[in-house]
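Colleague: Provide a 3D model corresponding to the input given below.
(chains A and B)
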Amino acid sequence: MIVELGHFTLILALMVAIVQTVVPMIGAHKGWSGWMALAEPAAKTQALLIAFSFGALTYAFVTSDFSVRLVVLNSHTLKPMLYKVSGVWGNHEGSLLLWCLILAIFGACAAWFGGNLPTSLRARVLAVQGSIGVAFLSFLVFTSNPFLRLEVPPFNGQDLNPLLQDPGLAFHPPFLYLGYVGLSMTFSFAIAALLEGRVDAAWGRWVRPWTLAAWVFLTIGIALGSWWAYYELGWGGFWFWDPVENASFMPWLISAALLHSAIVVEKREALKAWTILLAILAFGFSLIGTFIVRSGVLTSVHAFANDPERGVYILLILAFFMGGALTLFAARAGAMEAKGVFSTVSRESALVANNILLTVACFVVFVGTMWPLVAELLFDRKLSVGAPFFDAAFSPFMVALAAILPFGALMPWKRAKAAKTARPLWGALLLSVASGALVWTMQTGRSFLAPIGLVLAVWIVFGVLADLWLRSGRGTVADKLGRMARLPRADWGKSVAHTGFAVTIFGICAMTAWTTEDIRVAQVGESFKVSGYTVTLDDVTQGRGPNYFTTMATISLEKGGFSTVLQPEKRVYPVARMPTTEAAIENGVWRDLYVVIGDPQDNQGWTIRTFVKPFANWIWAGCIIMAFGGGLSLSDRRHRVAAGATQRQRSPAVPAE
Amino acid sequence: MKRLALILLLWAAPLWAVEPDEVLDDPVLEQRARDLSKGLRCLVCRNEHIDASDADLARDLRLLVRERLVDGDTDAEVLDFVVDRYGEFVLLNPPASGSTLILWLAGPAMLIVAGAGAALYLRGRRNGREPEKLSATEQAELDKIIRS
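Modeller: Residues are numbered from 1 along each chain as shown, chains lettered A, B, ... in the order given. The predicted model follows:
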């Protein structure tokens, strides 16, 4: 019964979304305040209805209701509770429902917190948000109904893909969706602004928190996915340039560009049309990502629910929203006259450079991801575009970005002098080059990668410190520190996020360059050396978990006074008929010790893989620092107060013709 | 017993990436084999290179690469040998030739276009007008509004 109610509220939500799209849009166009006012209750109702629907599906999973087809396909009574719940979004239909839920919640948030938005702008934002809701809810209801019942329920389910039964992956999709769907909000704001024909500093201020929030969620989601790949796939890779990974990475790059260009709109009223275009593209890439993951056009490690028919539907959604938005943009962008005047050397120009590097980098990822398809269709060449291409074609952009970052961050608005800006950075430059040279001499004969990573990281971090030091004015050190602590949160957010970027760059370079690896057959009781560590295979035992069988090795590692015991596993999930590796990792600040147990050998030995991965954790630590920086900036006073919004509210909107 | 049989059956299936018995005695050759393997796609997997793949085919390819290296082939010869048999699809790094040149040049070309666009925009901004001052009548009107 609850399941049917969930299905029913889902259909109701679709109806509400249609009303939310049509009525306020007409109201805003005609200036009828009653029609515009309908947007808010509609947005809140839609969120509540979908929340109920989602609750109903979760209930079916938690109680293992095997008369529901989706539960049969993705659950099992023996599965731990966490994975029963995460199983709700571990499949196409459920994850789409989660997507719709988040979409509606964001819309409701705009209704709740949008009190200081001009009435017509708010009505239009909610109407556009509603129209995205219509597209996805109808997709859900008509092609991927999660509430289908089975005529003859089986005794038990077919279990969730064991690879997905993992804490990292349980929370990876919700965060990613929060990011993807957060970008729908900036999209709605962009379209509403185009319809209003007005983009000003206040608009920039409203849009920025949404972008920032979406970017923070995307950062966390991507980091979780990459961390999962690192410990679950059994050889310590953390990024594969897989189409699905790229699908989440492209919106991240564009939203990073967007949140920088929105600053220019907010502070200087320039780059308006460009920022609108980025807002449209950011959501466009979210839709492309959805298309890539769900259509199966580009095969990948973890695309689920591959179905060409669904792909066509998403392609239609994509074509409608992008086609419509870009046409509107072409018609209206001319009206966005920039106001701010600035010289070629200025903070504005530096942010333009940042935007160019980020968007072109995104373009490279996009072309690389789609190329196999293009090559097959146009040139009849079946080829692969893999990690080597992306490493070579993408990395230079990140190096350039890191290289200009400290300059840009230090430059004043409007007009800057290059020599004056560079002066406080000489120390940072010297220090970074020196540290790079030191590392280069210490590790003779290995790749350039690690020294380059270190140079960039030190350069950015000391650039950030120089920036903070300059911002804190004159006087004694105590004065300066006091003033530094009182800097706006947004400034701290910027410093922290840039530091996180540096940490991640260094982590990636150092781990890639310095990993040592050992593969061998070891007998129980045998010891061997891996880069200074004495590794002993103590024991191998068989056991069973709640819904799997396991072969667990006990391996002790020792070096100097340090010793630890690790227990890597090989699991077999009998219901899903799938084996998985569970690497055992000793996490450390300076290095990870990573051991994997492989197959039994004919001579009673076991294959043991041992990796020593220096600075591995820095990759994800950097992401967390970046996300934290974004959060700090989000908590800045001006976003809460939204000064200026109330004055502007009174001025009537002038539609651009 | 039946369950045990099932487990054994499942165990027989996966092989894990590079196996100890594949590793060459010569560390230089082995390193070359590893580097080459990272650029070759496992054809039955999804976007995995043969060095990380656990499929039988990947193992065969790894052994093939090592065999050729031991026979004295250069890296390029090994890759040619594999491409001859398995097609261009096997290369994770698409060769920069023919239509694939477009792929390789897309990034740099876009950077130049974007750079040129930005340069034009920045020139426009530098010479752009400051917002016009209010005319005397407008100023008077504004003062009136403020006073009221």
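
Colleague: what pLDDT does residue A:274 get?
Modeller: pLDDT, residue A:274: 90.

Colleague: residue A:450 touches residue A:508, doesn't it?
Modeller: No - assessed by CB atoms under 8 Å, residue A:450 is found out of contact with residue A:508, at 10.0 Å. No exception for glycine: its C-beta is placed from N, CA and C like everyone else's.

Colleague: what residues does the stretch 301-450 of chain A have near chain B?
Modeller: A:301, A:338-344, A:348-349, A:352-353, A:356, A:359-361, A:363-364, A:367-368, A:371, A:375, A:378-379, A:381-389, A:392-394, A:397 (CB under 8 Å from any CB of the partner chain).

Colleague: let's see 6 Å
Modeller: Residues of the stretch 301-450 of chain A found near chain B (CB under 6 Å from any CB of the partner chain) are A:301, A:339, A:341-344, A:349, A:352, A:356, A:360, A:363-364, A:367, A:371, A:379, A:382-386, A:388-389, A:393.

Colleague: of all of chain A, which residue lies closest to chain B?
Modeller: Residue of chain A nearest chain B, by CB to the nearest CB: residue A:386 (2.9 Å).

Colleague: which residue is the nearest non-sequential neighbour of that residue?
Modeller: Once flanking residues are discounted, residue A:386 sits nearest to residue B:92: 2.9 Å by CB to CB, 6 or more residues apart in numbering or on different chains.

Colleague: cool, residue B:34 as well?
Modeller: In this structure, residue B:34 finds its nearest non-sequential neighbour in residue B:51, 6.1 Å apart by CB to CB, 6+ apart.

Colleague: point out the residues in chain A that sit beside chain B.
Modeller: Within chain A, the residues that sit near chain B (CB under 6 Å from any CB) are A:235, A:242, A:299-301, A:339, A:341-344, A:349, A:352, A:356, A:360, A:363-364, A:367, A:371, A:379, A:382-386, A:388-389, A:393, A:519-521, A:549, A:572, A:579, A:598, A:607.

Colleague: so which of those are in strands?
Modeller: A:519-521, A:549, A:572, A:579, A:598, A:607 (DSSP state E).

Colleague: next, the buried residues of the biggest helix by length in chain B.
Modeller: In chain B, with assignment by DSSP state H, the single longest helix is helix B:100-127. Going by neighbour count (16 or more other CB atoms under 10 Å in any protein chain shown), the buried part of helix B:100-127 is B:100, B:102-104, B:106-107, B:110-111, B:114, B:118, B:121-122, B:125.

Colleague: what sits closest to residue A:290 if chain neighbours are left out?
Modeller: Excluding its sequence neighbours, the residue lying closest to residue A:290 (CB to CB, 6+ apart) is residue A:314, at 5.8 Å.

Colleague: right, and the helix or strand after the longest helix of chain B?
Modeller: As assigned by DSSP states H and E, the chain's next helix or strand after helix B:100-127 is helix B:136-147.

Colleague: got a list of what the residue lying closest to residue B:21 once chain neighbours are set aside touches?
Modeller: What sits nearest to residue B:21 in space, not counting adjacent residues and going by CB to CB, 6+ apart, is residue A:521, at 7.8 Å. Contact analysis of residue A:521 by CB atoms under 6 Å, 6 or more residues apart in numbering or on different chains lists A:601, A:605, A:607, B:20.

Colleague: in chain A, which spans are strands?
Modeller: Using DSSP E, strands in chain A cover A:516-522, A:527-530, A:533-544, A:549-559, A:562-566, A:569-573, A:578-582, A:584-586, A:591-600, A:606-614.

Colleague: could you check how many residues crowd around the residue nearest to residue A:386?
Modeller: Residue B:92 has 23 neighbouring residues, counting by other CB atoms under 10 Å in any protein chain shown.

Colleague: my guess is it contacts residue A:389. True?
Modeller: No - under the criterion of CB atoms under 6 Å, residue B:92 makes no contact with residue A:389, lying 7.4 Å away.

Colleague: domains of chain B: list them as residue ranges, please.
Modeller: B:12-90, B:98-128 (automatic domain parsing).

Colleague: ranking these by mean pLDDT, which is last?
Modeller: domain B:12-90 (a mean of 82).

Colleague: for the residue nearest to residue B:21, list each beta-bridge partner.
Modeller: Residues in a beta bridge with residue A:521, per DSSP bridges, are residue A:607.

Colleague: just want the residue of chain B that's nearest chain A.
Modeller: For chain B, CB to the nearest CB, closest residue to chain A: residue B:92, 2.9 Å.

Colleague: how much space between that residue and residue B:45?
Modeller: Plainly put, residue B:92 is 12 Å away from residue B:45 if you go by CB to CB, to the nearest Å.

Colleague: same deal with residue B:52?
Modeller: Residue B:52 is 9 Å from residue B:45, by CB to CB.

Colleague: show me which of the two is the more surrounded one.
Modeller: A direct count of neighbours by other CB under 10 Å for residue B:52 and residue B:45 places residue B:52 higher, at 20 against 17.

Colleague: where does chain A have its least confident helix or strand?
Modeller: Scoring the helices and strands of chain A by mean pLDDT, DSSP states H and E places helix A:645-649 at the bottom, with a mean of 42.

Colleague: if we can go back for a sec, now, the most widely separated pair of the contacts of residue A:521?
Modeller: Greatest spacing in the contacts of residue A:521, by CB to CB: A:605 and B:20 (8.7 Å).

Colleague: not counting its neighbours along the chain, what's nearest residue B:78?
Modeller: The shortest distance from residue B:78 to any non-neighbouring residue, by CB to CB, 6+ apart, is to residue B:68 (4.6 Å).

Colleague: burial of residue B:56, as a residue count?
Modeller: By the measure other CB under 10 Å, the count of residues near residue B:56 is 13.

Colleague: how's chain A carved up into domains?
Modeller: According to automatic domain parsing, the domains of chain A span A:1-160, A:516-616.

Colleague: with mean pLDDT and distance to residue A:637 added, can I get those in CSV?
Modeller: Output for the domains of chain A, formatted as CSV (pLDDT from 0 to 100; distance: least, CB to CB, whole Å):
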stretch, mean pLDDT, distance to residue A:637
domain A:1-160, 91, 15
domain A:516-616, 88, 34
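
Colleague: buried set for stretch A:438-454?
Modeller: A:439-440, A:449-454.

Colleague: report the separation between residue A:636 and residue A:491.
Modeller: 9 Å.

Colleague: repeat that for residue B:41.
Modeller: Per CB to CB, residue B:41 is found 46 Å from residue A:491.

Colleague: the more surrounded of these two?
Modeller: Higher neighbour count among residue B:41 and residue A:491: residue B:41, with 23 against 16, using other CB under 10 Å.

Colleague: residue B:92 is in contact with the more buried one, correct?
Modeller: Yes - assessed by CB under 6 Å, residue B:41 is found in contact with residue B:92 at 5.1 Å.

Colleague: quick one, what contacts the residue lying closest to residue A:611 once chain neighbours are set aside?
Modeller: In space, and not counting its chain neighbours, residue A:611 is closest to residue A:594: 4.1 Å by CB to CB, 6+ apart. Under the criterion of CB under 6 Å, 6+ apart, the neighbours of residue A:594 are A:236, A:583, A:585, A:611, A:613.

Colleague: great, nothing more from me.
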